[in-house]
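Novice: 3D model of this:
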Amino acid sequence: MRQTFRDCSYFESGRGTLIGFWLRTLVDLVSTAAQERADNSGRESVFMNNTRRNGMAMLVCVGIILIAFLLLDYGKRHEVYSILAFGYFLDALVVGGVLGNFIVFLLIKTTKLNPVRVAFATFGIVHALLLLLIFIIARSDPASFNLNGTVLAHVASFLFWTALHWAWHRRGMRQQEQA
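Specialist: Reported below is the predicted structural model:
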C-alpha cells in the first residue's frame, strides 16, 4: 500500500495535480474508514441511514455557509448597512463553519465519538484559535479593531453551530427510536 501511494503521489506531482490527488485520497480515506466501520459492526442498514443523514447535514451546513458568505459579499460590495451590521457574525459564521464542520464531519465519520461532544469541542477550539489569530493580527492596528464585536460574533457563531449539530443529532435519535 505504501509503495502504491508513493507511486501515485510521484505520478500526480509530475503532472502538477498534487492537490487533486490529496483531495481524492482524503475522500477515499474517510469513505473507506466509514465503510469498514459499518462492515465491522454488522449494521449496514444503520450505516446507510446515518450516511444519508450526515450527507444531508453536510449540505445544510454548506448552504448556511454559502448564504452567509454571499450576504457578506453583497453587503460589502453595495455598502448595505443592515447587512454590514452583522458583518462580524457573518465572518465568524463562515470561517468557523468551514473549518469546524469539516473537522466535525471528518471525526464523526471516522470515529465512534459522541457527535454532540465532538461538535462542542471542535467549534470551541476552532473559534478560540480564530480569536487568538485575530488578536495577534489586530495588535498591528488596534484602532480599527472592535474587540467586543469580534468576541460576541465568535460566541454567537459557536452557539449557532453547536445548537445546529445538537438539533440534528436529536432529530436523528428520534428517527432511530421510531424505526
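Novice: the helices in this protein, which residues?
Specialist: 2-15, 18-41, 44-78, 81-84, 87-110, 115-138, 147-178 (DSSP state H).
Novice: Give me the below-cutoff pLDDT ranges for this structure.
Specialist: 1, 5, 13-23, 26-27, 29-31, 33-51, 53-54, 81-85, 179 (pLDDT under 70).
Novice: So residue 131 is in contact with residue 147, correct?
Specialist: No: contact criterion C-beta atoms under 8 Å: residue 131 and residue 147 do not qualify, at 9.8 Å. Any C-beta I mention is one placed from the backbone N, CA and C, and that applies to glycine too.
Novice: What is the burial count for residue 28?
Specialist: 10 (other C-beta atoms under 10 Å).
Novice: mind checking the backbone torsions on residue 112?
Specialist: Dihedral angles of residue 112 (phi, psi; degrees, to the nearest 10) stand at phi -110, psi 20.
Novice: Report the contact partners of the spatially closest residue to residue 166 that is not a sequence neighbour.
Specialist: Sequence neighbours aside, residue 116 is the residue nearest to residue 166 in space, at 5.3 Å (criterion: C-beta to C-beta, 6 or more residues apart in numbering). Going by C-beta atoms under 8 Å, 6 or more residues apart in numbering, residue 116 touches 162, 165-166, 169.
Novice: redo that, cut-off 10 Å
Specialist: In this structure, residue 116 makes contact with 162, 165-170, 173, judged by C-beta atoms under 10 Å, 6 or more residues apart in numbering.
Novice: quick one: it and residue 162, what's the gap?
Specialist: Residue 116 sits 8 Å away from residue 162 when distances are taken as C-beta to C-beta, to the nearest Å.
Novice: Tell me which of the helices of the chain sits most buried.
Specialist: Among the helices of the chain, helix 87-110 has the highest mean neighbour count (mean count of other C-beta atoms under 10 Å), at a mean of 20.
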